[in-house]
Structure formats: C-alpha cells, structure tokens
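>>> Need coordinates for the following:
(chains A and B)
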Amino acid sequence: MTQTQWRRRVFKPVVWILCLAPIGFLFYDGFTDNLTANPIEKVTNTTGIWALRLIVAGLAVTPLRWATGVNQLINYRRIIGLFAFFYGTLHFTIYIVTTFFIGGFSEFDASGLWDDLVKRPYITAGFTAFVLMIPLAITSTTGWIRRMGGKKWNLLHRLVYITALAAVLHYFWKVKLDATYPVYYGIGVAMLLGVRVWIAYSKQQLRRS
Amino acid sequence: MLIKKAADLRESDVTPKDTFLKRRDFLAVAGSTAVAVATNGFGFAGMPDVAAQNPAAQKLTNLKKSPFSTDEKLNSYKDITTYNNFYEFGLDKADPGKYAGTLKPRPWSVVVEGQCGKPGTYNIEDIMKYAPLEERIYRLRCVEAWSMVIPWIGYPLSEFLKRFEPTAKAKYVEFRTLVDTKQMPGQTEPALNWPYVEGLRMDEAMHPLTLLGLGLYGEVLPNQNGAPIRLVVPWKYGFKSIKSIVRVRFVESEPVNTWKQQQSAEYGFYANVNPQVDHPRWTQGSERRLGEFFRRKTLMFNGYGDQVASLYAGMDLRKNY
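Next comes the predicted model:
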C-alpha cells in the first residue's frame, strides 16, 4: 500500500474508532445497566473528560511531530479536534437539558442558568472552554483555511490554548476533595504549552545570533 | 441472572412481610420483563429491586408503618446500595458498595457519654430492642443536589437518647463514626479529618422525624449504608445523617461537624435543605431525583417544613446554613 492508502484505509479508520469508542462504551454500559444509579452524572462526566482528553491529544500533535519527525501526524489533528468539540457539545447539552429544565421541557430555569454562568467560576471556565471551540470547529475545513490564509488561521486556532487551560480549571474547581486528576491534566497542558513557548523562544534566539 | 428489576410497586407493597408473601409474583413478573429490562436498562426506571437484596442479611420483620412515610416511588435497592458518599471506603460513589465488606457490624457497641445520667457502653443487639422498629419512607436530599426515596427501618432517635437521661446541660448531641483503618481502609487517606463527626441541637435530635436508622428494605443496614447504626435526619442534607456510629456524647456547646471543619464556607452546622440558599458552587433550588431525567424543584426543609419549620423560628437561615 502507498502512504495515502495506509492513511485512508488504516490510520484514519483507527482514529475514528478510537474517538468513537467512549460513546460505544457508554451505550454498552447503558444496555447492560452499568451507568450507575446516576446515569446522567456518569454520561456528563464521561463526555466531559473525553472532551478534555481529546483537547490534550490535539495539543500533543505538533510537539510529537517535533519530537519524532513524523509530520504525517498533522493529518489527524483536525479529526481529533472535531471529536473534542463533539464531546464538548454533548457534555454542554446534557448539562443544560438535565439541569435547567424542571420536570419537563415546558419549564426552563433561565435565572438558574444565568447564576451558574456568572456566579460559579467552574461553570464560567467550562463555558468559556466550550464557546471558544465553536469558531475553531467552524473554520476547521480546508475551504476556511484557504480563505483565511495559513497565518491568520493559525493565529485564530491558538484559541485552543485558552480552551485547554479553561477546561482544566473547570475540572479542577468542580471536584470536591481529590484534585489529583485535574492536576495531572493541568501538568500535561502546561507541558504541551510550555514546549511551544520554549521552541518559539529558541527560534528567536537563533534568529538573533 | 439477568433479572435486575421487578415490576413497579405501590407503597403498600414495601413492607418486607408483604414483600415476602409476594416474592413469587415479583419473580414471575420480573422474568417476563427481563428482556425489556435488558434492552432498556438505562436506569431511568427507578423501580424497587426486590430480587437483588442480600439473601445473607438479617431480615427485620413486624415493622410498624409510619404516618411520616411518603408515598413517592422508591429508589431501587441497587440504587441505594451502589451510590453512596461514605469516604471511609473511598471517594467514588461506587466505592462503598464495592469495598465496605471489610466493615464488621457485629459485634458492635456504642459508647454514650457527656451530660447524661446513664453513660456507658451499649450493645447493638440491645439497642435494636429499645423501641419497636418502624418503616419510614423518607426523601434523602444530598447537598450535591441529588435525591432518593428510601424505605428506612429504625425508631425515633428520641427513644434512644431518653434512656440515657440527658441533663439540663445537654444542649447538643455529638455523634462519631468508627475509626479503624482495617475496617475502613479509606481512612488511611487524609481525605477528611477522621473520625467523621456530626451533631444535632437537642430539639432536633428529639424531633419525632429524626430516626435512628438500623435497616432498609426489610433488612439490617448494608455496610455501605452505615451499618449497623446511623442517623436519618430527612429535612437536612444527607451529610448530617452520620453512619456507623460508635460514640454519642451529650454536650453543652455546638459540635463542629466534619464538613464544617473541612470547608466552613460551603457546609454549616444546620445544613437544612433550603432551596433559597445556594451552595457556593451550585444551586440548591433544584435537584435530580435518581431515576428521573429532568430535575425537580427542591422543597424547603426537603418537604418536611410543616413538621420542622418551627424549630428555626426567628433564625436567619442564610447565616445558619
């Protein structure tokens, strides 16, 4: 097989399957009655954590290219990012529907939603992370990259750095006692962003010298 | 076995004696619906779960019914025993159900001390007989904004406390949970300041709604639900209903309960269910009843206002959260 064939027939399907696997597991757990006594919480947490994991995975693509020299990796970044948005959208939608509709779709607690968005830092952070992904998802197509030009497009897509930081904060502020996992994700994101700063700084130094 | 859920039950079917008599019927119905359950097991059904009760557990029979019981739909035995906040066995809500097997609820004794006429050490087998056992179907509202309906068994806490003849100086009662890292492995982690401490004002403790919990769903308390002896204070957030009690102390001043020690801006001494006073990180105005898709409104004092509101007349419940 040629490189393109490998990509189309093997790597892309594998990435799709990996990205969809969490949904598959949720359905499996649903049908086998293993979503705990609070299935809504379980599904909300699972979609949220996978959104964050895929954000981190997307951020890892470029440093991995630098480290390994495998530039082909860039071919999978868009799909990883779109799946991060997909899980983020599920997470956000489930939260809205199951938190602010009271007793059915006829009663919506708008003031409760407003309170959450402005008074509760972990919601503000999560909402920020989600909203900033919207323009990135919209402009993810090849057409938009061409229209915007690589430079502008790259600049816009740096918004994902803020999304990643806000998502970690959201997770960190949400947990009641044990912040171990949020801290791990925080370290991961800090390293992936730190590498970029370090590389940019080194390049600048090189140019100067 | 695939059978996980029996058919829907009416409140009158809950009493274990009835349950026993009707068990065959349940199994028949459950068998015929097993396929439906297997293909539709998303957990929104929230039906009583007779078949899943622990066959080894000691059954409690001849239970009095209580006018305080709600006729709302019960949460299943499975819900009640697999979704617990009991950090002595781990922080995840599934942990107590998985790991509480290390707790030994027999033999068990409770030390009574402080401002009372009859301090001493009392055996659980005797405590079980201090008053006729009742079934009390109560709403449980967790501070985390979820709720359940649970068929508790026990008797009024007042029947228990009166025996020890509290003196005039006894203004509050303090309760402590067992500390034993062998029985409660979660205590090797400093997640909370062990032992877990809770307290009630004397009038709250003596209120007829306040239950000394000894069982649920027709049997002695499962370990993960606070075996062998716990509080059930239905108008307060769940964390007030301390589990696996080993020490009761009559005191003059307000006990500092564990969650207040932990984060006093978020958790207070009174912890009355109050939809008007939000938790700093989430609303208390609504709650998710486990088994339901949409939230429901949270009721003042968890719907027990008619009975308990007078206890707090003149108090600022915003300050005394």
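>>> rest of the way, CA atoms for contacts and neighbours
Fine.
>>> Next up, the contacts around the residue positioned nearest the centre of chain B.
Centre of chain B computed as the mean C-alpha position; nearest residue by CA atoms, centre = their mean is B:Val232, 4.5 Å away. Listed by CA atoms under 8 Å, 6 or more residues apart in numbering or on different chains, the contact set of B:Val232 reads B:Thr210, B:Leu211, B:Leu212, B:Gly213, B:Lys240, B:Ser241, B:Ile242.
>>> got the phi/psi numbers for it?
The phi/psi pair for B:Val232 (degrees, to the nearest 10) reads phi -140, psi 110.
>>> what's around the residue lying closest to B:Gly90 once chain neighbours are set aside, how many residues?
Nearest residue to B:Gly90 in three dimensions, chain neighbours excluded: B:Gly186, at 5.1 Å (CA to CA, 6 or more residues apart in numbering or on different chains). By the criterion of other CA atoms under 10 Å in any protein chain shown, B:Gly186 has 22 neighbours.
>>> again, but for B:Arg136
By the criterion of other CA under 10 Å, B:Arg136 has 25 neighbours.
>>> Any figure for the gap between the nearest residue to A:Thr163 once chain neighbours are set aside and A:Ile80?
Counting by CA to CA, 6+ apart, the nearest residue to A:Thr163 once its immediate chain neighbours are dropped is A:Ala129, at 4.1 Å. Distance of A:Ala129 to A:Ile80, given as CA to CA, to the nearest Å: 16 Å.
>>> Name the residues that touch stretch A:65-79?
Stretch A:65-79 has contacts (CA under 8 Å, 6+ apart) with A:Lys12, A:Val15, A:Trp16, A:Gly58, A:Val61, A:Thr62, A:Leu64, A:Ser140.
>>> what helix or strand does the fifth one sit in?
Read that as A:Val61. helix A:39-68 (DSSP states H and E).
>>> Show the subsequent helix or strand relative to that helix.
helix A:77-100.
>>> Counting neighbours, which bits of that next one end up buried?
Using 16 or more other CA atoms under 10 Å in any protein chain shown as the burial criterion, the residues of helix A:77-100 that qualify are A:77, A:79-92, A:94-95, A:97-100.
>>> Give me the angle between that helix and helix A:39-68.
Computed by axes from the mean of the first three to the mean of the last three CA atoms, to 10 degrees, the angle separating helix A:77-100 from helix A:39-68 equals 160 degrees.
>>> tell me the mean pLDDT for helix A:77-100?
In this model, helix A:77-100 carries a mean pLDDT of 97.
>>> now stretch B:245-262, how far from the centre of its chain.
17 Å (CA atoms, centre = their mean, to the nearest Å).
>>> That one close to chain A?
No. Against chain A, stretch B:245-262 shows no contacts by CA under 8 Å from any CA of the partner chain, the least distance being 9.5 Å.
>>> which residues touch that stretch?
B:108-116, B:166, B:169-178, B:192-193, B:196-199, B:201, B:228-230, B:239, B:266-269.
>>> in the stretch 1-150 of chain B, which ranges drop under the pLDDT threshold?
Scanning the stretch 1-150 of chain B for pLDDT under 70 picks out B:1-52.
>>> so where do the helices sit in it?
In the stretch 1-150 of chain B, the helices defined using DSSP state H, counting those that start in this stretch lie at B:16-39, B:77-82, B:95-99, B:124-127.
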